[in-house]
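Q: Model the structure of this input:
(chains A, B and C)
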Amino acid sequence: MAEKRLLLIDGNSVAFKAFFALYTSLGRFTNGDGLHTNAIYGFNTMLETMLDKVQPTHALVAFDAGKVTFRTKMYDDYKGGRAKTAPELSEQFPYLKELLKARGIKTYELPNYEADDIIGTTAKRAEAAGFTTTIVTGDRDLTQLANDHTTVAISKKGVSEIERYTPAYVKEKMGVTPEQIIDIKGLQGDNSDNYPGVTGVGPKRAVDLIDQYGSVEGVYDHIDEITAKKLKEHLVADKDQAFLSKKLATINRDAPVDLTLEDLTYAGPERDALVAFYQRMGFRKFLQGMSVDGVTPSATPGLKAIAYTVLTAANLADVQVTDECAFYLEMDGDNYHLAKFAGFVIGHDDHWWVSRDVSLLQMAPLKQLLENAQVAKQVFDAKRTYVGLNRLGITLAGVDGDLLLCSYLLNTYDNSNDLGRVAAEHGYDQVETDEDVYGRGAKRAIPTDDTVFFKHLARKAQAIARLKQTLFKDLEENDQAELYRQIERPMAFVLARMEIEGITVDADELRAMGSKFSEQLAEIEQTIYQEAGEEFNIGSPKQLGHILFEKMHLPVLKKTKTGYSTAVGVLEKLAVDAPIAENILKYRKIAKIQSTYVEGLLKVINPADHKVHTRYLQTLTQTGRLSSVDPNLQNIPVRTEEGKAIRKAFVPRHPGWQIFSSDYSQIELRVLAHMSHDANMQEAFREGEDIHAATARRIFKLGSDQEVTPNIRRQAKAVNFGIVYGISDFGLSQNIGISRKQAKQFIETYFEEYPGVKAYTEHMVQVAHDQGYVETIAHRRRYLPDINSRNFNQRSFAERTAMNTPIQGSAADIIKIAMIHMEEALQGMQATMLLQVHDELIFEAPAEEIPTLAKLVPKIMDSAVKLEIPLKVESHAGPTWYDLK
DNA sequence: TGTGTCACG
DNA sequence: ACGTACGTGACACAG
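A: This is a model prediction of the structure:
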């Protein structure tokens, strides 16, 4: 007899997972009728995977029938407090059922029962009939159904990845057998289904108890053996709840399901119906998968035709642009300092001109147009466009709208660098993403087909032109127009010029350091091998873990998801008794410097000018800070001497010049003092006190005659940092190695001494709750949807960011303003601004200009904004970056 | 491609 | 009871 394989799917659970996995792309997944399709799409992806893997002979998708079930009769509040299903998801269910019908898969729901019960019942019948069954769900509770005939596949990471639970795997992962899952639930309850279990019992204790006594019944049979007094009290008090919770968690395997296994026979899809469905949903990927005739892949449903003219040297004069145009310069690759030019589009809603030949841009009519500040340009990523054109000898001027920048300011989560995606976020659907047109990963390439490429370019320009008004209006509504016009837009050009300028790196110096590090590494390596008694890969956490904890039997202090932790903190503790740990730390430190900084930097020095040209990402961070890539020049070592040596390779571009830097001193705490209006903190800054020492005096209640020792200053400093990060007693205790209770005491005292700060932190959390976002002094926004999350971790994280973002973000605002003013201030000087490292600006200049800079730069920086307390700036100069101390 | 580790403010 | 500091990027390894 042929093997019978049954695929059972928990429809609600998988749809729910798919919906949230693709939630951030909700805007991209709509069909021509405006129906959201992300859950349907994700569900179908899962189906394809599972059908392929399982090759079922029978299949069923079970759905919940409604809110009222036999469980709500047992317990009124079952699944109470659950947020209502999002309408964007609910509307997809009827279509999901249609999809399943077209795929030839039976669907079923049963009043009074949940999908779980239908699945449990069907699986039981299938087991009796000799089937091999696979259950697909997003809900771990169903692992109680795992046995020799039935495995439970839980979709993780959205729906693309699954985790298969066999009885052995359940035991390994959860510490109990499948049958005992319900006992665990009985004791610990279930937050998402809203039933309580026993007070004071979480997952850990529940597993321990069940491991020892076998079941909830077993626990109560041996209740007298339990010595922990509090635990016993809770168990006794909550006995009824425990038994009720166990019942609620138990899947009913004898529900009145009026389906026979015969009804579930799976014979594959009805092809025509499925094709028609995919077409209605606009699922090009799935249509391609079926290689349907007459459906061209690029013909996205709903995408209208677009007209354009191909430019050549002969028809350049046809380009008719008077006061405004959209422009997009396409390159093959992210690194616009080096990427090959692929083409461009210029024009307006009446007409689009395109070409692959960027040299046309260097010719009179187009060059003049681009350099004319009177012609307003609408672009996507002004900085990238400016740098690209600069390579062609063109200085872009007159940029009005930058779709990317505007979109980022409106919502930092919409920070995709892809025009198609950004457009979709703002409700514009007439342009595809680059991924759709160019492909992704290794397969990504500019199309050789002119029509495909030019159409896409024209659609990009059209999207830019069409969205400008909307986004400007949104910025006005958010009170962010000034942030855009006065800060971010000019900032883009300041950054572009810094990137183009680059900073000189002495490759010989780096190579010399490199060979020294190589020698040191070889030496430490040998010592480690001797200590270990064998050779192994020190860089592999897995092999290292094996040597330290299995071969050498060092104590396991901490574990990671995948094995033993060998992080610094762990090795430092081990180093007390085991010299090998000390050597590994040394090895790691040098290996890091060698690979990331010596070798990494050598790779990116431009041979033509001996410089490195980073790219600042202006639309990435959630706080408004910049980030730096390719290479990252914002994390060049400074804290250890070996690392700091790397800075010797950063030199001025001319002999006799100097590197100069100015940094804001404690800008974040000053911002906090300003925003919180805290009188005590403001006083400390106004009096020019050492803020950490002042804080130490306050929280340790020192008299004026008592000395602030380095140790208590260090602790006070950690508390100050903690406040800025959104403090927790646990975090603080970890950081400075004190007990949690002590940390809690510190924080309480801190808030007593700085009551304004306490009020500020509470106010920010409240603001986030009330309006859904927090703001910086320049009206930069960060939305915090998780602030109302029922998940403790997500909510706590949102609360900490509500406190931190206005501080970190306002500091970012301030230095950006200073940088914009700086360019003007440096007019007529040879000095050049090269780098920004969050609270620090780095320049190069002829030695004779240094005294001028030393006055000018701090003046620009501390007058960037007017706060309730002064800003403080410190400056340094020297022959290399290393010498700035 | 995800994880662990470590570099910076 | 929950499980933690905020914001980043690059590298090596392993699957």
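Q: Show me where the stretch 101-250 of chain A has its helices.
A: Per DSSP state H, counting those that start in this stretch, the stretch 101-250 of chain A carries helices over the ranges A:115-128, A:167-174, A:181-188, A:203-213, A:216-221, A:229-237, A:239-249.
Q: quick one: contacts of the second one?
A: Taking contacts as Cβ atoms under 8 Å, 6 or more residues apart in numbering, the residues outside helix A:167-174 that touch it are A:Thr143, A:Ala146, A:Asn147, A:Asp148, A:Tyr165, A:Val176, A:Thr177, A:Pro178, A:Ile181, A:Ile184, A:Val207. From N, CA and C alone the C-beta is placed, and that goes for glycine too.
Q: how about a markdown table for those residues, with pLDDT, distance to DNA strand B and neighbour count added?
A: Listed next are these as a markdown table, based on pLDDT from 0 to 100; distance: Cβ to the nearest atom of the strand, whole Å; neighbours: other Cβ atoms under 10 Å:
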| residue | pLDDT | distance to DNA strand B | neighbour count |
| --- | --- | --- | --- |
| A:Thr143 | 89 | 20 | 23 |
| A:Ala146 | 91 | 23 | 25 |
| A:Asn147 | 90 | 28 | 18 |
| A:Asp148 | 89 | 29 | 9 |
| A:Tyr165 | 85 | 18 | 25 |
| A:Val176 | 85 | 23 | 21 |
| A:Thr177 | 89 | 26 | 17 |
| A:Pro178 | 89 | 25 | 21 |
| A:Ile181 | 88 | 24 | 23 |
| A:Ile184 | 86 | 24 | 28 |
| A:Val207 | 83 | 21 | 18 |
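Q: Max pairwise distance over these: which two?
A: For the contacts of helix A:167-174, the maximum inter-member distance is 23.1 Å, found between A:Asp148 and A:Val207 (Cβ to Cβ).
Q: List the contacts of whatever residue of the stretch 401-550 of chain A ends up closest to DNA strand B.
A: Residue nearest to DNA strand B within the stretch 401-550 of chain A: A:Pro541 (4.5 Å; Cβ to the nearest atom of the strand). For A:Pro541, the contacting residues are A:Thr560, A:Gly563, A:Tyr564, A:Thr566, by Cβ under 8 Å, 6+ apart.
Q: Counting neighbours, what do you get for A:Thr45?
A: For A:Thr45, the count of nearby residues is 18 (other Cβ atoms under 10 Å).
Q: Need phi/psi at it.
A: Backbone torsions of A:Thr45, given as degrees, to the nearest 10, read phi -60, psi -50.
Q: A:Phe380: which of the contacts of helix A:167-174 is nearest?
A: Checking those against A:Phe380 with Cβ to Cβ, the nearest one is A:Tyr165 at 46.0 Å.
Q: Is the closest one bridged to anything, and to what?
A: Following DSSP bridges, A:Tyr165 is listed with bridge partners A:Val152.
Q: What's the separation between it and DNA strand C?
A: From A:Tyr165 across to DNA strand C, the span is 18 Å (Cβ to the nearest atom of the strand, to the nearest Å).
Q: One more: A:Val837?
A: Counting by Cβ to the nearest atom of the strand, the gap from A:Val837 to DNA strand C is 9 Å.
Q: Got phi/psi on that residue?
A: phi -120, psi 60.
Q: now swap in A:Gly878 and tell me
A: Per degrees, to the nearest 10, the backbone of A:Gly878 is at phi -180, psi 170.
Q: With adjacent residues omitted, what lies nearest to it?
A: With Cβ to Cβ, 6 or more residues apart in numbering as the criterion, A:Gly878 has its nearest non-adjacent residue at 5.1 Å, and that residue is A:Leu884.
Q: cool, A:Leu841 as well?
A: Spatial nearest neighbour of A:Leu841, chain neighbours left out: A:Ser662 (5.6 Å); criterion: Cβ to Cβ, 6+ apart.
Q: A:Glu179 now?
A: Leaving aside its sequence neighbours, A:Glu179 sits nearest to A:Gln144 (Cβ to Cβ, 6+ apart; 6.8 Å).
Q: and that neighbour, what is it in contact with?
A: With the criterion set at Cβ under 8 Å, 6+ apart, A:Gln144 makes contact with A:Pro178, A:Glu179, A:Ile181, A:Ile182, A:Ala249, A:Thr250, A:Ile251.
Q: Then A:His876?
A: Counting by Cβ under 8 Å, 6+ apart, A:His876 has contacts A:Phe660, A:Ser661, A:Ser662, A:Leu884, A:Lys885.
Q: wait, what's in contact with the third one?
A: The neighbourhood of A:Ser662, defined by Cβ under 8 Å, 6+ apart, consists of A:Glu840, A:Leu841, A:Val857, A:Pro858, A:Met861, A:Val873, A:Glu874, A:Ser875, A:His876.
Q: Just the pLDDT at the residue of the stretch 401-550 of chain A closest to DNA strand B, thanks.
A: Predicted confidence (pLDDT) for A:Pro541: 85.
Q: sorry, back to before: wait, the residue nearest to A:Gly878 sits on A:Phe650?
A: No - between A:Leu884 and A:Phe650 there is no contact under Cβ atoms under 8 Å: 9.8 Å.
Q: Where does A:Leu329 sit, in terms of helix or strand?
A: Secondary-structure assignment from DSSP states H and E places A:Leu329 in strand A:324-332.
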